[in-house]
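Undergrad: Sequence isn't available, so here's the structure alone:
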């Protein structure tokens, strides 16, 4: 409650953020309005279908904010809402650029981009939405009620032929955008300052890029049913060289103050197709923010100095306006709240902060920060040889990963993969900046050699769709033994720039030695202290997850292993019984035996391992387990069946040379119950 009160006071000192429900009904004691009601009010507002600033903006916002289709899905949509949405989308589709108009399109390049972006949003969300069954709702049997069209919208909310019109519209946006972009670049190169327009250059680039991405993967457009794709209708991927050159031309035109000259106005006319909004020119932060959003981050690397100039303008041009809320009768003085923000330089100097200009400026700052973080992330990954996991989560490596038991298999226990799924995969699945309950950012993986600690972390990274980076002793010795402490600070400062990355510190016990060990030098004590501080700082960033892998947990300083330093402490043992059987089945899969023989052999194999599990079988590491499974499969190939005597002979031979034996086995058994979840 104290935190909530402090936040309210903070916001209250900037502006009055209390929002009244349009219906006059307060939904909660705090007076907050649900997003659903905001979207309903937006769609029901008095928008003008001839205003092609409003129309594409409304479509884009509604579809983006209602990703689950709680308002725009067939279950929730009434006829009035469907009619309004149909008129909105009809107006959007009808506003596509026309090939016959060439360079003289009726809409400005800015509005064409808004149209292209809204169409791309409609196209990109055109997935096969599954309408959940709602308890207590009885189906009427009318399939049209739940029919889903483009954008995951009900068919009743879409105009006839919406899908084909959308494809044609995106195709025309791409074509017109590319043509205008090439035209503006030609004006730029030839020095034709009379025809060159920086606004038209920027927004034709955005239109071209956005629509080409939306149309990627298609084989063209069928304008005449039954005749296949029309010749020349294939939209290929956007030309990267053209995009880079256009972005360079854009930054070449930047003024010394960090902004750009005003170019083509937002509206070409203020008759019924538009509305008179006064000095209607595009604010530079709006343009820059859009480029930062829709172009690859790497394209901005040569222009970091230009981004700095724009940021300097933003920092030095924030304006204030006093919003009067109380006037004293005796002194006649009025008091109020200071409203801070930005105004477009196209407006008069005394205009004060404007809502749209402020929103665009803040959006630009947010997107600039996102791009800079992406570039820094890539630099750090390249410096330390990280592995980029592109394309989102991948299950293959995780499914191949053999599981291991946490704790004594003879008593109730959990498995390593279960815990990692519960504490990392699931909590970070939707939003890593706001994970669900139980999320862990760090862990110690300990166990004997050969138990695939590195493989576990890499498979986890692929499962989460995050990048993967290994930091070993070499990274801290890069500047020599005399500079290890400063190198630790440098390495961790770089790691703090990573985002959505699984980091593995592999076998760095020498920098975390127990400071109470007799005979340990002052240098080692200081290194341990430096490492403890660095680990804490990395954990507090909460932008990546990290593990420390070791074969010698007892060598660590007690401050490393105490509860609270790392979120988890997980024993990584050898593959468990189920994993051993998977190994054996994989070997049998390539053998020319019947399914009956395979099933029988697997049953014998599992029974034998269960009998001798705590004696020798459980101590085979991954490679030794593979060797045992392979030898047993060879017995079946030679003799036709598998006996316990044959398996016992193979196991006895391997037990004499296996990794986990003697004192190592004693340490293994002592470590089995040291996991901390």
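TA: Cool, the structure landed. Nothing here was measured: the structure is a model prediction, and the numbers come from that model. Numbers count the residues shown, from 1 in each chain.

Undergrad: following the least confident helix or strand in the chain by mean pLDDT, which helix or strand comes up?
TA: Counting by mean pLDDT, DSSP states H and E, the chain has its least confident helix or strand at helix 2-14, which shows a mean of 38. Proceeding N to C from helix 2-14, the next assigned helix or strand is helix 35-44, under DSSP states H and E.

Undergrad: quick one, what contacts residue 60?
TA: Listed by CB atoms under 8 Å, 6 or more residues apart in numbering, the contact partners of residue 60 are 114, 117, 118, 121. Yep, even glycine has a C-beta here, placed from its N, CA and C like the rest.

Undergrad: so where is this protein shaky, pLDDT-wise?
TA: Low-confidence segments of the chain (pLDDT under 70): 1-32, 126-147, 217-224, 226-234, 269-279, 349, 410.

Undergrad: Going along the chain, name the strands of it.
TA: Along the chain, the segments classed as strands by DSSP state E run 319-327, 334-341, 405-406, 414-415, 442-446, 467-471, 501-506, 545-550, 568-571.

Undergrad: Let me know which of those is the nearest to residue 655.
TA: Taking CB to CB, strand 405-406 is the member of the strands of the chain nearest to residue 655, at 19.8 Å.

Undergrad: can you list contacts of the closest one?
TA: Contacting residues not belonging to strand 405-406 are listed as 413, 414, 415, 416, 419, 570, 571, 573, 576, 675, 677 [CB under 8 Å, 6+ apart].

Undergrad: Thought residue 403 was touching the second one, still the case?
TA: No. No contact is recorded between residue 414 and residue 403 when judged using CB atoms under 8 Å, the distance being 10.1 Å.

Undergrad: So which of the two has more stuff around it?
TA: Neighbours of residue 414 and residue 403, each counted by other CB atoms under 10 Å, are more numerous for residue 403; the result is 17 against 14.

Undergrad: where's that one relative to residue 582, distance?
TA: Distance, residue 403 to residue 582, by CB to CB, to the nearest Å: 9 Å.

Undergrad: same thing with residue 378?
TA: Distance, residue 378 to residue 582, using CB to CB: 37 Å.

Undergrad: and what of residue 459?
TA: Separation of residue 459 from residue 582 (CB to CB): 15 Å.

Undergrad: So for these two, which sits in the more crowded spot?
TA: Legend: neighbour count by other CB under 10 Å for residue 459 and residue 582, higher for residue 459 (23 against 18).

Undergrad: The more buried one: what's it in contact with?
TA: 397, 398, 400, 401.

Undergrad: Do I have it right that the second one meets residue 457?
TA: No. In this structure, residue 398 is not within contact of residue 457 by CB under 8 Å, at 11.5 Å.

Undergrad: out of the two, which sits in the more crowded spot?
TA: Each of residue 398 and residue 457 has its neighbours counted (other CB under 10 Å); residue 457 has more, 23 against 20.

Undergrad: Now the more buried one. Nearest residue, chain neighbours left out?
TA: Among residues not flanking residue 457 along the chain, residue 504 sits closest, at 4.4 Å (CB to CB, 6 or more residues apart in numbering).

Undergrad: Bridge partners for that neighbour, pull those for me.
TA: Beta-bridge partners recorded for residue 504 (DSSP bridges): residue 470, residue 547.

Undergrad: right, and it touches residue 545 too?
TA: No. The pair residue 504 / residue 545 is not scored as a contact, 10.0 Å apart, by CB under 8 Å.

Undergrad: In terms of neighbours, single out the busier of those two.
TA: Taking neighbours as other CB under 10 Å, residue 504 and residue 545 compare with residue 545 leading, 28 against 23.

Undergrad: hang on, isn't the more buried one packed against residue 440?
TA: Yes. Counting by CB under 8 Å, residue 545 touches residue 440, with 7.2 Å between them.

Undergrad: tell me, what's touching these two both at once?
TA: When contacts are counted by CB under 8 Å, 6+ apart, residue 545 and residue 440 have residue 424 as shared neighbours.

Undergrad: Excluding residues flanking it in the chain, which one is nearest residue 169?
TA: Excluding its sequence neighbours, the residue lying closest to residue 169 (CB to CB, 6+ apart) is residue 96, at 3.6 Å.

Undergrad: To what extent is the one you found buried, counted in neighbours?
TA: 22.

Undergrad: how close does it get to residue 177?
TA: Computed with CB to CB, the distance linking residue 96 and residue 177 is 12 Å.

Undergrad: go on, residue 665?
TA: Per CB to CB, residue 665 is found 68 Å from residue 177.

Undergrad: ditto for residue 106
TA: 15 Å.

Undergrad: okay, those two: which has more neighbours?
TA: residue 177 (26 against 14).

Undergrad: Give me the outermost residue of the protein relative to its centroid.
TA: residue 330 (57.5 Å; CA atoms, centre = their mean).

Undergrad: Residue 323 contacts residue 340, doesn't it?
TA: No. With contacts counted by CB under 8 Å, residue 323 stays clear of residue 340, the gap being 10.7 Å.

Undergrad: which two of the contacts of strand 405-406 lie the greatest distance from each other?
TA: Using CB to CB, those span at most 17.0 Å, a distance reached by 576 and 677.

Undergrad: For the two, indicate the residue with more neighbours.
TA: residue 576 (21 against 14).
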